[in-house]
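Colleague: let me see the structure of the following:
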Amino acid sequence: MNNLMSFLQRCLHEQMQVFPFHNLTLLNRQQAVVGGTCFDQALKLKDTLNQARLCSRLCEAEVCMTGELTHRLVRVDYQGSALFVDAGSGWPTVYVARPAAMNQEHQVLHKVAGIVFQIMADSEHILIKRHDGTQWRDMNRISLAEQDELDILAKYDSRYASPLPFSKELRLCWLENARFYRVAGNHIFVFETGKRTKCCAVSPQELIRQVSKTKFMRLVPDLERHFEGQH
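Modeller: As a prediction, this is how the structure comes out:
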């Protein structure tokens with residue numbers, strides 16, 4: 001099981017370095033060439049795990065900010081255990097949760113690029129929290145009950161029908177080695193273990209220049225289209 005957990009975690013980190021979280025498909029009203037929101041992230045991760053011959057399927061979770069079932073992730077069933085694998089929600093929540101190994105009300109701390117998350121499990125749910133430097137904020141609540149993957153897949157085309165926390169401004173997030181980059185509107189945040197979070201305003205030209213140096217430089221035309229639409 002430890003080998004599987006390590007493999008799943010490695011898959012998550014590799015995906016976040018080449019398949020960024022972003023809402024450009026929503027903002028541009030057309031499919032971006034690479035990356036996407038949690039639904040796109042979960043579908044790509046599921047395909048990767050299926051190729052590795054793991055029994056994986058989509059599941060959905062409640063976004064605590066809105067109370068809506070609009071966050072998607074992947075469930076892996078292995079030797080009678082269910083594991084929940086999350087490829088991100090605009091934060092590097094690249095965790096693997098194994099509820100069967102957690103006692104009721106048990107808490108696990110998970111750190112990525114200096115950002116601290118808390119995974120809490122009871123008999124019915126997993127609750128994911130993020131520490132914002134001052135307090136814990138509830139992020140996602142995942143039901144442990146069986147879910148119908150076909151019902152979830154049927155929601156793909158309408159995944160932006162409900163208002164989302166990032167419906168009106170750019171979100172772009174990715175991992176680069178040990179750093180996590182998060183673009184929110186016209187600001188970019190850089191998180192890194194052991195260092196103070198950097199935050200600065202970023203112009204469209206600066207952001208495009210930075211993205212052009214990454215492993216997902218194919219996203220540049222989608223960014224250019226977004227910024228052109230703002231004029």
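Colleague: look at the residue nearest the centre of the chain and tell me its secondary structure.
Modeller: In the chain, the C-alpha nearest the mean C-alpha coordinate belongs to Gly88, at 1.1 Å (C-alpha atoms, centre = their mean). Following DSSP: H, G, I helix; E, B strand; the rest coil, we place Gly88 in the coil state.
Colleague: next one: it from Leu150, what distance?
Modeller: Here the distance between Gly88 and Leu150 works out to 24 Å (C-beta to C-beta, to the nearest Å). Where you see a C-beta, it was placed from the backbone N, CA and C, and this is true even at glycine.
Colleague: helix or strand right after the biggest helix by length in the chain?
Modeller: Longest helix in the chain by number of residues, with DSSP state H as the criterion: helix 2-18. Sequence-wise, the next helix or strand beyond helix 2-18 is strand 21-22, with elements assigned using DSSP states H and E.
Colleague: quick one, helices of this structure?
Modeller: Going by DSSP H, the chain shows helices at 2-18, 24-28, 38-51, 149-153, 204-211, 220-229.
Colleague: got CSV for these, with mean pLDDT, mean neighbour count and distance to Cys59 too?
Modeller: Supplementary listing: the helices of the chain in CSV, determined by pLDDT from 0 to 100; neighbours: other C-beta atoms under 10 Å; distance: least, C-beta to C-beta, whole Å:
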stretch, mean pLDDT, mean neighbour count, distance to Cys59
helix 2-18, 92, 16, 15
helix 24-28, 95, 20, 22
helix 38-51, 96, 19, 8
helix 149-153, 97, 13, 7
helix 204-211, 97, 15, 31
helix 220-229, 94, 15, 28
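Colleague: report the strands that pair with the longest strand along the chain, each with its relative direction.
Modeller: Once the chain is assigned using DSSP state E, the strand that runs over the most residues is strand 68-78. According to DSSP bridges, the neighbouring strands of strand 68-78, each with its direction, are strand 55-63 (antiparallel), strand 81-85 (antiparallel).
Colleague: do you know which of those lies nearest Gly229?
Modeller: strand 55-63 (26.2 Å; C-beta to C-beta).
Colleague: now the closest one: average pLDDT?
Modeller: Computed over strand 55-63, the mean pLDDT rounds to 95.
Colleague: list the buried ones in that strand?
Modeller: Counting neighbours by 16 or more other C-beta atoms under 10 Å, one finds that the buried residues in strand 55-63 are 56-63.
Colleague: mind checking the end-to-end distance for stretch 9-28?
Modeller: The stretch stretch 9-28 measures 31 Å between its terminal residues, going by C-alpha to C-alpha, to the nearest Å.
Colleague: returning to what we had before: mind putting the helices of the chain into JSON lines with distance to Arg141?
Modeller: Listed next are these as JSON lines, based on distance: least, C-beta to C-beta, whole Å:
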{"stretch": "helix 2-18", "distance to Arg141": "20"}
{"stretch": "helix 24-28", "distance to Arg141": "23"}
{"stretch": "helix 38-51", "distance to Arg141": "14"}
{"stretch": "helix 149-153", "distance to Arg141": "16"}
{"stretch": "helix 204-211", "distance to Arg141": "33"}
{"stretch": "helix 220-229", "distance to Arg141": "31"}
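Colleague: for Lys168, which of these is the nearest?
Modeller: When those are ranked by distance to Lys168, counting by C-beta to C-beta, first place goes to helix 24-28 at 8.5 Å.
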